[in-house]
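# Okay, sequence plus prediction incoming.
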Amino acid sequence: MEARRDFLEGRRIASYQLEREIGQGDMSLVYRAEDLLLNRTVALKLIAPELARDDSFRRRFTHEVREVASIDHPHIVPIYDVGEAEGVLYVAMRYIPGPNLGTLVREAGPLSVQTALRIAAQVASALDVAHEHHLVHRNVQPGNILVDTGPDRGHPEHAYLTDFGSTRRTPALTGFTTAGEFAGTLDYTAPEQISGRPVDGRSDLYSLACVVYETLTGGPPFERDEDLPLLWAHLYDQPPPLTGRRPEIAPATDEVLAKALAKAPEDRYDSCLEFVAAMRRVAEQPDGAPSGPLAARPSPPAPMHPPSPAESATPPGPPFDDDDDEW
């Protein structure tokens, strides 16, 4: 897509007037654009032409984006439109003016425990609802979490999870695309995704735990200079204790994160909200001691905003046994 950036700015794609680039992925670019039909600002994601020319990819991509669009959840970026024009495959989404979580941490430094877990709870609720619809994100990372201003002082942030286009339905899917390319961002990728085994909602939970670790410390749990040592670390190394970087945080959080980052999916929590609830429970204890068995299922954390039917639903039980690619 590199060669087409200057060419695309200012162009019209279908009913969308491109204004400026606001994001990018390995095979996509995201522009702020004007919806000329409805007179509103949108985020328009454009897929690399080499993918758009693949009939199988195009059909699957369009179908899966429509499935994500059918999920009405306050912490999933709403999708307005998906289509193709002049050989360009596009998705139109709500434009979120706030930064992504990665930019927020780079600019502000590690977040407070309260702020990190407020954001994590919102993302966790979005992921759990997607998992109830048998969809796995497979690329949960700070760059795919947009943070806008919340409605009031009690809820200062409103997080949106985006980039569900790399998502596929859960049965019989692995960490690799049909073209054999790896799907996901290595700093946050679950071991089973790396090894090409089937993935499910617990793979997203692993990625979310990596994101929480980064929001609290300023960096992901595994940091290596090259890809192969990083893959090895996800597969075999134990994550460094959170308290080694933030000694003021309750020591029991190390145990919670270790469970969420377990190498085997069955050793992790059953849902993303369960993980965040465990983090909150130990972080709020004066001595940092857990208030009960960490593996016990807690009540979900209070919603960040007036709950939608999806948010107020009981977190799913044991996850299904299967998984999902990038938009």
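Looks like it came in fine. Residues are numbered from 1 along each chain as shown.

# For the stretch 51-200 of the chain, just list every one of the strands.
Listed in chain order, the strands of the stretch 51-200 of the chain (DSSP state E, counting those that start in this stretch) span residues 79-85, 88-94, 135-136, 145-152, 155-161, 168-169.

# right, so of the ones you listed, which gets closest to residue 273?
strand 155-161 (13.5 Å; CB to CB). Glycine gets a C-beta too; all of them are placed from N, C-alpha and C.

# Please verify my assumption that residue 49 contacts residue 87.
Yes - Residue 49 lies in contact with residue 87 (CB atoms under 8 Å); the separation is 6.2 Å.

# These two: which has the busier surroundings?
Neighbours of residue 49 and residue 87, each counted by other CB atoms under 10 Å, are more numerous for residue 49; the result is 14 against 8.

# That one and residue 57: what is the separation?
Using CB to CB, to the nearest Å, one obtains 11 Å as the distance from residue 49 to residue 57.

# between the strands of the stretch 51-200 of the chain, which gets the lowest average pLDDT?
Among these, strand 168-169 carries the lowest mean pLDDT, at a mean of 46.

# Adding distance to residue 23, write the strands of the stretch 51-200 of the chain out as JSON lines.
As requested, these are exported to JSON lines (distance: least, CB to CB, whole Å):
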{"stretch": "strand 79-85", "distance to residue 23": "15"}
{"stretch": "strand 88-94", "distance to residue 23": "11"}
{"stretch": "strand 135-136", "distance to residue 23": "21"}
{"stretch": "strand 145-152", "distance to residue 23": "9"}
{"stretch": "strand 155-161", "distance to residue 23": "13"}
{"stretch": "strand 168-169", "distance to residue 23": "22"}
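
# Can you say which of these is packed in most?
Each of these was given a mean neighbour count from mean count of other CB atoms under 10 Å, and the largest, a mean of 26, is that of strand 135-136.

# Burial check on residue 233, number of neighbours?
Counted with other CB under 10 Å, residues neighbouring residue 233 total 18.

# wait, isn't it in contact with residue 227?
No - applying CB under 8 Å, one finds residue 233 not in contact with residue 227, separated by 10.6 Å.

# and residue 154, what pLDDT?
82.

# when you give positions from now on, start the count at 517
Taking 517 as the first residue, the last one we looked at is residue 670.

# Could you report the neighbour count for it?
Counted with other CB under 10 Å, the neighbours of residue 670 add up to 9.

# do you know how far it is from residue 642?
Counting by CB to CB, the separation of residue 670 from residue 642 is 20 Å.

# One more: residue 778?
Residue 778 sits 22 Å away from residue 642, going by CB to CB.

# Find the residue ranges of the stretch 717-843 of the chain scoring beneath the pLDDT cut-off.
The model of the stretch 717-843 of the chain has pLDDT under 70 over residues 802-843.

# Break down the protein into its helices, ranges please.
Taking DSSP state H as the criterion, the chain contains helices spanning 521-524, 565-568, 571-585, 617-624, 629-648, 707-710, 717-733, 743-752, 768-776, 788-799, 825-828.

# returning to what we had before: out of the strands of the stretch 567-716 of the chain, the one nearest residue 787 is which?
Closest approach to residue 787 among the strands of the stretch 567-716 of the chain (CB to CB): strand 651-652, 13.1 Å.

# and that closest one, which strands flank it?
If you go by DSSP bridges, strand 651-652 pairs up with strand 684-685 (antiparallel).

# quick one: the closest residue to residue 640 other than its chain neighbours from residue 727, how far?
Computed as CB to CB, 6 or more residues apart in numbering, the closest residue to residue 640 that is not its neighbour in sequence is residue 788, at 3.6 Å. Residue 788 sits 11 Å away from residue 727, taking CB to CB as the criterion.

# what's the answer for residue 567, then?
Applying CB to CB, one obtains 26 Å for the distance of residue 567 from residue 727.

# Assess the claim that residue 525 and residue 545 are in contact.
No - between residue 525 and residue 545 no contact is recorded; they are 10.0 Å apart, counting by CB under 8 Å.

# Spit out the residues that contact the two alike.
Listed as contacting both residue 525 and residue 545 by CB atoms under 8 Å, 6 or more residues apart in numbering are residue 537.

# show me the contacts for the closest residue to residue 594 other than its chain neighbours.
In space, residue 594 comes closest to residue 610 once its chain neighbours are excluded; the distance is 4.6 Å by CB to CB, 6+ apart. Residue 610 is in contact with 558, 559, 593, 594, 596, 676, counting by CB under 8 Å, 6+ apart.

# which one of these sits closest to residue 582?
After measuring the contacts of residue 610 against residue 582 - CB to CB - the closest member comes out as residue 596, at 11.7 Å.

# wait, isn't the closest one in contact with residue 560?
No - the pair formed by residue 596 and residue 560 falls short of the contact definition of CB under 8 Å, at 9.6 Å.
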